[in-house]
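1. Just need the structure, nothing else, for what follows:
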Amino acid sequence: MSSAKPIILTGDRTTGPLHLGHYVGSLRSRVELQHKAQQYLLLADTQAMTDNVGQHQKVTNNVIEVALDYLAAGIDPELSTIFIQSQVPELAELTQYLLNLVTVSRLERNPTIKEEIRLRGFERDIPAGFLTYPVSQAADITAFKATLVPVGDDQLPMIEQTNELVRKFNSTVDRQVLVECEAVLSSVTRLPGVDGKAKMSKSLNNSISLGASADDIKKAVNRMYTDPNHLRVEDPGQVEGNVVFAFLDAFEPDRNALEELKAQYRHGGLADSVLKRRLNEHLQALLEPIRARRQHFAGDRGEVMNVLRRGTEKARQVAGQTVSEVKSALGLNYFNY
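-> Residues are numbered from 1 along each chain as shown. Next comes the predicted model:
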């Protein structure tokens, strides 16, 4: 498949509405990149099923919620193709072929998978689908011959494994069929939770959703951890590990003013309440228009589903062409239709 623009593939597991961690991690860059590249946005419901056994209704319900977040954040379906993973069976077929090129031990060594297994407490009772989801992810990327993939830094091992599979497949068939990709990292690769935990997550109740109300935003900011030793205004405070400063690093537009705030905080004489008030103002200004657009799109969910239907039909055509090339390279084109 040829294009004058780079091809981008990215997506989100559909286990809940998107939050600010997703926004700074990759969504913000997706909005910008859609003007420069041919972009495919995947709603990864199949992947979400791998660790949501018995909660499939939650996954399917959240497909449209994530789509609403995409549209509200500024994704234009005329510029980006939004599609549903489970409705593109070619991705599952490509996954099956790629599974033959990787060992169980290699999958278990993937740092992202190891950490996710630890967080979920699977130990050795790992669902096979979950262990192999890096291969599914590789199929998602290679089916569209994506050259750029916006990700958080925790997903870099996934990109590495995708490129390993691309090289292994091309070497096996002795021709260049699949294409290697490059990770695109945002300037802020991850936001901590408002409670100070390393990762923002809806399941941990430490996130701020893109559709959060003004009151919810203010409450979340007031909950944020600062420096526990900064007991009085005049006390010197620590910037590193301070959740409020982590958020200001992501959302403060005046970088010079931010450096001055950090210096003043380290020296002493700057109240946590002043920082939280400033951050609240920035987040309110960012999320108010997103919230308004989300409410607008939510008023016509039928049209949102039409957007997903059109995107999915286009995605099937593109993925189908790649799978056809893969099958031909493997000698699986028996009837030459």
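
2. CA atoms for contacts and neighbours, from now on please.
-> Fine.

3. Between its first and last residues, how far does stretch 12-19 reach?
-> Terminal residues of stretch 12-19 lie 11 Å apart, using CA to CA, to the nearest Å.

4. ok, now stretch 124-141?
-> End-to-end span of stretch 124-141 (CA to CA): 28 Å.

5. model confidence over that stretch, on average?
-> Regarding stretch 124-141, the rounded mean pLDDT is 92.

6. residue contacts, the closest residue to residue 326 other than its chain neighbours?
-> Closest residue to residue 326 in three dimensions, ignoring its sequence neighbours and counting by CA to CA, 6 or more residues apart in numbering: residue 177, at 6.8 Å. With contact set as CA atoms under 8 Å, 6 or more residues apart in numbering, residue 177 has these partners: 170, 325, 326, 329.

7. List just the nearest of these to residue 227.
-> Closest approach between the contacts of residue 177 and residue 227, by CA to CA: residue 170, at 51.9 Å.

8. I'd say that closest one and residue 176 touch.
-> Yes - contact between residue 170 and residue 176 holds when scored by CA atoms under 8 Å: they sit 5.3 Å apart.

9. Between the contacts of residue 177, identify the one with the most neighbours.
-> Among these, the one with the most neighbours (other CA atoms under 10 Å) is residue 326, at 21 neighbours.

10. okay, that one: pLDDT?
-> According to the model's per-residue confidence, residue 326 sits at a pLDDT of 98.

11. For the residue of the chain most remote from its centre, give me the backbone phi and psi.
-> What lies farthest from the middle of the chain is residue 234; by CA atoms, centre = their mean that is 40.2 Å. Backbone dihedrals for residue 234, given as degrees, to the nearest 10, come out at phi -80, psi -10.

12. how close does it sit to residue 93?
-> For residue 234, the distance to residue 93 equals 63 Å [CA to CA].

13. Would you mind measuring the gap between the ends of stretch 168-180?
-> In stretch 168-180, first residue to last residue: 11 Å (CA to CA).

14. Off-centre distance for that stretch?
-> Using CA atoms, centre = their mean, to the nearest Å, the mean C-alpha position of stretch 168-180 is found 27 Å from that of the whole chain.

15. Also stretch 61-81?
-> Stretch 61-81 sits 13 Å away from the centroid of its parent chain (CA atoms, centre = their mean).

16. tell me which residues in that stretch are buried?
-> By neighbour count with 16 or more other CA atoms under 10 Å, stretch 61-81 contains the buried residues 62-75, 77, 79-81.

17. can you map out the helices along the stretch 1-150 of the chain?
-> 20-22, 28-33, 45-49, 56-73, 89-99, 104-109, 111-120, 128-131, 133-143 (DSSP state H, counting those that start in this stretch).

18. give me the low-pLDDT residue ranges for this protein?
-> 1-4, 186-189, 203, 337 (pLDDT under 70).

19. which helix in it runs the most residues?
-> Using DSSP state H to define each element, the chain has its longest helix at helix 301-329.

20. ok, and for that one, which residues are buried?
-> 304, 307-309, 311-312, 314-316, 318-320, 322-323, 325-326, 329.

21. cool, and stretch 191-203?
-> Buried residues in stretch 191-203, counted by 16+ other CA under 10 Å: 191, 192, 193, 194, 195, 196, 199, 200, 201, 202.

22. Nearest to residue 216 among those residues?
-> Ranking the buried residues of stretch 191-203 by separation from residue 216, with CA to CA as the measure, puts residue 194 on top at 12.2 Å.

23. In contact with the closest residue to the closest one other than its chain neighbours, which residues are there?
-> In space, not counting the residues next to it along the chain, residue 194 is nearest to residue 224; the distance is 4.7 Å by CA to CA, 6+ apart. Taking CA under 8 Å, 6+ apart, we find residue 224 in contact with 194, 195, 196, 243, 244.

24. before we move on, the earlier item: the nearest residue in space to the residue farthest from the centre of the chain that is not next to it in sequence: what secondary structure?
-> What sits nearest to residue 234 in space, not counting adjacent residues and going by CA to CA, 6+ apart, is residue 269, at 4.2 Å. In the three-state summary, residue 269 is assigned as coil, counting by DSSP: H, G, I helix; E, B strand; the rest coil.

25. so where do the helices sit in the stretch 151-300 of the chain?
-> Using DSSP H, counting those that start in this stretch, the helices of the stretch 151-300 of the chain run over 156-173, 214-223, 243-251, 255-267, 272-298.

26. which one of those is the most hemmed in?
-> Across the helices of the stretch 151-300 of the chain, averaging neighbours per residue (mean count of other CA atoms under 10 Å) puts helix 243-251 on top, at a mean of 20.

27. Only alpha carbons, please: show it as CSV.
-> Output in CSV follows, covering the C-alpha atoms of helix 243-251 (Å, rounded to 0.1, in the frame of the first residue of the first chain):
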residue,chain,number,x,y,z
VAL,A,243,1.9,15.0,41.5
VAL,A,244,0.8,18.6,41.1
PHE,A,245,4.1,19.5,39.5
ALA,A,246,3.9,16.4,37.3
PHE,A,247,0.5,17.7,36.0
LEU,A,248,1.8,21.2,35.6
ASP,A,249,4.7,19.8,33.5
ALA,A,250,2.1,18.4,31.2
PHE,A,251,-0.4,21.3,31.1
